[in-house]
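Chemist: Here is my input, please return the structure:
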Amino acid sequence: MATKQIIQPAQSPAAVGPYNHAVRVGDLLFCAGQIPIRPTDGSLVTGDIQVQTERVLENVKAILTDQGLTLDHVVKSTVFMTNLADFAAMNAVYAKYFTHDFPARSTVQVAALPKGAQVEIEVIAHF
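Modeler: Model prediction:
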């Protein structure tokens, strides 16, 4: 049985609750949902959905980079949004980060996200 390894990258914003940034089990990395918070001080990035999506994906990249991975290693992503009317704008930024061999993806609207964020993204990556 594969062992569970806890991942807490130094370059990532501090967790806003009792969870880890990621957990590695075998050849899979399960990343916790990232919201648009600055790694330097944990404050929420203000701005529209595109500004927030960019910060979220930079936070995701920090976790992957810590493990020697890139966005090309992502096999599944889940996007949580507080307003699906912003889907096209979020998707425009998402498409700049995932440029080929797109991961499988689900997008769901939620009533609210931590710290008042408009978007949260979690990923599963393969080593």
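Chemist: Would you mind pulling the contact partners of the lengthiest helix in the chain?
Modeler: The helix spanning the most residues in the chain, taking DSSP state H as the definition, is helix 49-66. In this structure, residues lying in contact with helix 49-66 by CB atoms under 8 Å, 6 or more residues apart in numbering are 7, 9-13, 21-22, 29, 31, 34-39, 45, 70-71, 73-74, 81, 83, 86, 89-90, 92-94, 97, 117-121, 123, 125. C-betas here are computed from N, CA, C, even on glycine.
Chemist: Okay, buried residues for it please.
Modeler: Across helix 49-66, burial judged by 16 or more other CB atoms under 10 Å covers 49-50, 52-64, 66.
Chemist: Show me which residues of stretch 66-74 are buried.
Modeler: Residues Asp66, Gln67, Leu69, Leu71, His73, Val74 are the ones in stretch 66-74 that count as buried (16+ other CB under 10 Å).
Chemist: Just confirm Leu44 contacts Ala117, I think it does.
Modeler: Yes. Between Leu44 and Ala117 there is a contact under CB atoms under 8 Å: 6.2 Å.
Chemist: More neighbours: these two, which one.
Modeler: Ala117 (22 against 18; other CB atoms under 10 Å).
Chemist: In terms of pLDDT, where does the residue nearest to that one when sequence neighbours are not counted sit?
Modeler: Distances taken as CB to CB, 6 or more residues apart in numbering put Ile35 closest to Ala117, at 4.0 Å, once the chain neighbours are dropped. Per-residue pLDDT puts Ile35 at 98.
Chemist: picking that back up, how big is the angle separating the helix or strand just after the longest helix of the chain from helix 49-66?
Modeler: Downstream of helix 49-66, the first helix or strand assigned by DSSP states H and E is strand 74-81. Strand 74-81 runs at 150 degrees relative to helix 49-66, counting by axes from the mean of the first three to the mean of the last three CA atoms, to 10 degrees.
Chemist: Need the contact partners of strand 74-81.
Modeler: Here strand 74-81 has contacts from 33, 49, 64, 87, 90, 94, 98, 103-110, 113, 118-126, using CB under 8 Å, 6+ apart.
Chemist: Tell me the first helix or strand C-terminal of that strand.
Modeler: helix 87-97.
Chemist: Could you give the separation of the helix or strand following that following helix from the chain centroid?
Modeler: Counting by DSSP H and E, the next helix or strand C-terminal to helix 87-97 is strand 104-109. In terms of CA atoms, centre = their mean, to the nearest Å, the centre of strand 104-109 is set 12 Å apart from its chain centre.
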